[in-house]
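Chemist: attaching a predicted model along with its sequence, questions to come.
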Amino acid sequence: MMELNIGGMIGLYGGVICGLLGWWFGRKKARKNRGLDELYYHIWQKARSYSWYVSLGALYVLFTLINFGIELSTAMVLGILFLTHVASWGIIGIVLTINMSSTAPLQPSRVKVGIIVFVTSIIVFTIISILTTNWLFLLCSIPPSLIALFTALTPKRKDSEVTY
């Protein structure tokens, strides 16, 4: 007989409820501020399109792990693919939104370095977690990922000229 994992059920359905509530309140606020225009739809359509490329890359990484003999459960693979797709969609959408609506666009080199560090830390710590069968190693990927995101998403400040 299967055992019910209460924490997993709370996380699974609590995440869906929190995500839907956040989406609904965000859309309500954006509609009030006239933020649901053509640019909004264009940005998020492009982000969704690009996130499929990231998901394809994740598929190749997972197939490579399987070819090396690492056993992965179906739930683990689907979870990784889902999180990869949704996270890349959000991050790419944020980058495109900042670039399209900011007066000082992001430098592509900073964005590329930040994304490379972000993806590399996630992949490395995921592989370490799978090899050691200890998921706590994934928590070690949070600091480098956050630093990479802040590096990628903050425009480089120009030195302000002081005139007297």
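Modeler: It's in.
Chemist: contacts, neighbours, all on C-alpha from now
Modeler: Noted.
Chemist: how many neighbours does residue 23 have?
Modeler: Counted with other CA atoms under 10 Å, the neighbours of residue 23 add up to 12.
Chemist: helix or strand right after the helix or strand where it lies?
Modeler: When elements are assigned from DSSP states H and E, residue 23 belongs to helix 6-32. Going down the chain from helix 6-32, the next helix or strand is helix 38-67, by DSSP H and E.
Chemist: roughly how far is that next one from the heart of the chain?
Modeler: 10 Å (CA atoms, centre = their mean, to the nearest Å).
Chemist: mean confidence score for it?
Modeler: Helix 38-67 shows a mean pLDDT of 90.
Chemist: can you pull the buried residues of it?
Modeler: For helix 38-67, burial by neighbour count (16 or more other CA atoms under 10 Å) applies to 43-44, 47-48, 50-52, 54-55, 58-59, 62.
Chemist: ok, stretch 103-110 next?
Modeler: In stretch 103-110, counting by 16+ other CA under 10 Å, buried: 105-106, 110.
Chemist: and the helix or strand hosting residue 151, which residues are buried?
Modeler: Applying DSSP H and E as the criterion places residue 151 in helix 142-153. Judged by neighbour count (16+ other CA under 10 Å), helix 142-153 contains these buried residues: 144-145, 148-149, 151-153.
Chemist: so which of the residues you listed comes closest to residue 13?
Modeler: Distance to residue 13 across the buried residues of helix 142-153 (CA to CA) is lowest for residue 145, with 25.7 Å.
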